[in-house]
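K.L.:
got a structure for you, letters missing:
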């Protein structure tokens with residue numbers, strides 16, 4: 001009887017291992033290629049659950065908006081390189097903003113140094129309010145943006161951003177949004193200052209662009225976060241804008257409370 005149980009258990013373990021091995025997204029998340037400091041943030045960003053919620057599959061055409069240093073690119077690029085298409089819509093190449101310029105150059109360097117992993121990445125650009133093409137119109141299965149909406153609010157370009165996403169997506173395509181979450185009723189000015197945006201406002205932006213809200217998830221919620229800090233969301237890790245001041249307190253809170261929203265471009 002014990003032998004039967006052992007054999008059954010081994011068969012189950014082999015089956016589970018095979019399923020994990022067959023999942024390129026999970027393979028990428030677990031891969032040794034990932035930057036250690038990035039992987040350490042998985043406990044706050046829940047990449048496996050988030051990408052599953054956004055219904056990302058290895059054979060899809062996916063656009064990541066403003067990938068920055070490449071936190072999600074480390075996962076998406078290798079997961080999509082064989083069967084899918086990955087567009088990294090980075091900061092404009094001709095930007096005059098110093099941070100944007102340095103970030104894009106570092107990203108390009110990284111792509112060039114690891115061509116075996118990133119050689120298939122299609123580097124495009126995104127300038128909210130501009131005419132940049134993040135992917136050919138109507139070609140993308142999913143457009144994903146992580147913690148960016150507050151940045152576009154500074155230039156009053158947030159609505160234009162959502163219209164660009166709508167244009168790039170196929171009918172029936174998914175827009176996935178993760179954003180720092182402000183308390184309901186927070187003023188627009190306070191949103192811009194703090195980096196936290198109300199969930200209702202993000203939903204309004206998407207609906208105004210033509211999207212339908214399909215589902216909201218609490219995958220990236222953090223009840224410890226009051227969304228009321230001296231330096232806004234940047235008070236918390238990973239930024240820790242106050243340096244050593246109350247550092248242990250903010251590390252104990254962790255990263256921000258975040259909304260995770262899945263929108264759909266209507267099929268007709």
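P.N.:
Right, received. Where do you want to start? As the structure is a prediction and not an experimental result, all values here were calculated from the model.
K.L.:
give me phi/psi at residue 173?
P.N.:
phi -70, psi 160 (degrees, to the nearest 10).
K.L.:
Name all residues that make contact with it.
P.N.:
140, 141, 142, 143, 264, 265 (Cβ atoms under 8 Å, 6 or more residues apart in numbering). C-beta coordinates here come from the backbone N, C-alpha and C atoms, glycine included.
K.L.:
Would you mind measuring from the residue nearest the centre of the chain to residue 172?
P.N.:
Nearest to the geometric centre of the chain sits residue 146, at 3.3 Å (Cα atoms, centre = their mean). According to Cβ to Cβ, to the nearest Å, residue 146 stands 22 Å off from residue 172.
K.L.:
give the contact list for the residue nearest to the centre of the chain.
P.N.:
When contacts are counted by Cβ under 8 Å, 6+ apart, residue 146 touches 45, 64, 65, 71, 72, 178.
K.L.:
Regarding the second one, what is its secondary structure?
P.N.:
In this case it means residue 64. Reducing the assignment at residue 64 to three states with DSSP: H, G, I helix; E, B strand; the rest coil gives strand.
K.L.:
So what sits opposite it in the bridge?
P.N.:
Note on residue 64: beta-bridge partners residue 88, residue 144, judged by DSSP bridges.
K.L.:
Hmm, residue 85 and it touching each other?
P.N.:
No - using Cβ atoms under 8 Å, residue 64 is not in contact with residue 85, being 11.7 Å away.
K.L.:
residue boundaries of the strands in the chain?
P.N.:
Ranges of strands within the chain are 61-65, 85-90, 122-125, 140-146, 169-180, 212-217, 258-264, based on DSSP state E.
K.L.:
The last one: partners in the sheet, and parallel or antiparallel?
P.N.:
For strand 258-264, the paired strands and their directions (DSSP bridges) are strand 169-180 (antiparallel), strand 212-217 (antiparallel).
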